[in-house]
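Undergrad: just a sequence and a predicted model for now, questions to come.
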Amino acid sequence: MIEFINVGKTYPNNVKALDNINLKMEKGEFVAIIGMSGAGKSTLIRCINRMHDITEGEIVVDGVKVSSLKGKEIRTFRRRIGMIFQSFHLVTRSSVLKNVLVSFVPELPFWRKVTGIFSKEQKVKALTALDKVGILDKAYVRVDQLSGGQQQRVALARTLAQNPDIILADEPIASLDPVTARQVMDDFTTINRETDMSIIINIHHVEMALEYADRIIGVREGKIVYDGRAAEVTQEVLDYIYKGQTNDSEPMNKGEKRYV
Ligand SMILES: Nc1ncnc2c1ncn2[C@@H]1O[C@H](COP(=O)(O)OP(=O)(O)OP(=O)(O)O)[C@@H](O)[C@H]1O
């Protein structure tokens, strides 16, 4: 479980990106974070794996206080959390398979790190992950010969091979065309259903968020202004998240009709 307890994040330039966030996400949830550009979505996601440090409160992941981790503990903790970015973060001049095998590098003994020799078991895991996202046939192709959607699937396979408990995805479909974006979202759904990995996705495509995620968290000006089932999000809720039609800063939770 991921828990935010009175979490605040103020950047060094005094921008308060997160303001008193309280939140619980259970294992296996598929959560989409939506909101205007600059609302704090990316910061919220990136605080979970300590890519950003919070400045107030506490984030607890499966009993671990994230802000108290140090050095090697942070690296070990991050192994349990896969991260997917808009820009894929792949080594484009290497093969697809090599990019997935990279997920095992931290586990290799020193001599294998130096020689780049992976075990048979690791290769099987990498190929299995590629199969899961439907690009096994591309294993020996150079990444720069793939489409954007295929590259994002390589990134997803790399994360899968790592076998994390949680996948954080920061705008994973922002640079993809609608058809490819849908394929990648389908992959997330399959992974979520088959593996029970939690998926937390920061996404601008509202329709996709509502269609694919189970739960929607709406963020505005660093605060959570909506938290409820995707199926219950109405146009009114979206207007509230994106435009803010009331001065009341309390979250607009499932079933509440205070703003109707
Ligand atoms: N490294 C940083 N240093 C200073 N301010 C930052 C930094 N990163 C983000 N901010 C500010 O924090 C606020 C929240 O930014 P964040 O990137 O989390 O929003 P977002 O909702 O993900 O936006 P977008 O949808 O445009 O990616 C914004 O005002 C942004 O300018």
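TA: Great, that's in hand. Because the structure is predicted, anything quoted here is derived from the model rather than measured.

Undergrad: flag every buried residue along stretch 228-246.
TA: For stretch 228-246, a neighbour-count test (16 or more other C-beta atoms under 10 Å) marks G228, A230, V233, V237, L238, Y240, I241, Y242 as buried. From N, CA and C alone the C-beta is placed, and that goes for glycine too.

Undergrad: so what strands line up beside the strand or helix carrying the first one?
TA: Looking back up the chat, that one is G228. Under the criterion of DSSP states H and E, G228 resides in strand 223-229. Strand pairing for strand 223-229, determined by DSSP bridges: strand 215-220 (antiparallel), strand 252-253 (parallel).

Undergrad: where along the stretch 1-150 of the chain do the strands fall?
TA: Ranges of strands in the stretch 1-150 of the chain, per DSSP state E, counting those that start in this stretch, are 2-10, 16-25, 30-34, 56-61, 64-65, 81-85.

Undergrad: to the ligand, which of these lies closest?
TA: strand 16-25 (3.6 Å; C-beta to the nearest ligand atom).

Undergrad: just to revisit the earlier point, mind listing what's buried in the strand holding G228?
TA: In strand 223-229, counting by 16+ other C-beta under 10 Å, buried: K223, I224, V225, Y226, D227, G228.

Undergrad: what's around the spatially closest residue to the fourth one that is not a sequence neighbour, how many residues?
TA: The reference is to Y226. Residue nearest to Y226 in three dimensions, not counting chain neighbours: G218, with 3.3 Å by C-beta to C-beta, 6 or more residues apart in numbering. As a burial measure, G218 scores 26 neighbours (other C-beta atoms under 10 Å).

Undergrad: quick one on the thing from earlier: turn the strands paired with strand 223-229 into CSV, columns for distance to the ligand and mean pLDDT.
TA: CSV is the format used below for the strands paired with strand 223-229 (distance: least, C-beta to the nearest ligand atom, whole Å; pLDDT from 0 to 100):
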stretch, distance to the ligand, mean pLDDT
strand 215-220, 7, 97
strand 252-253, 18, 61
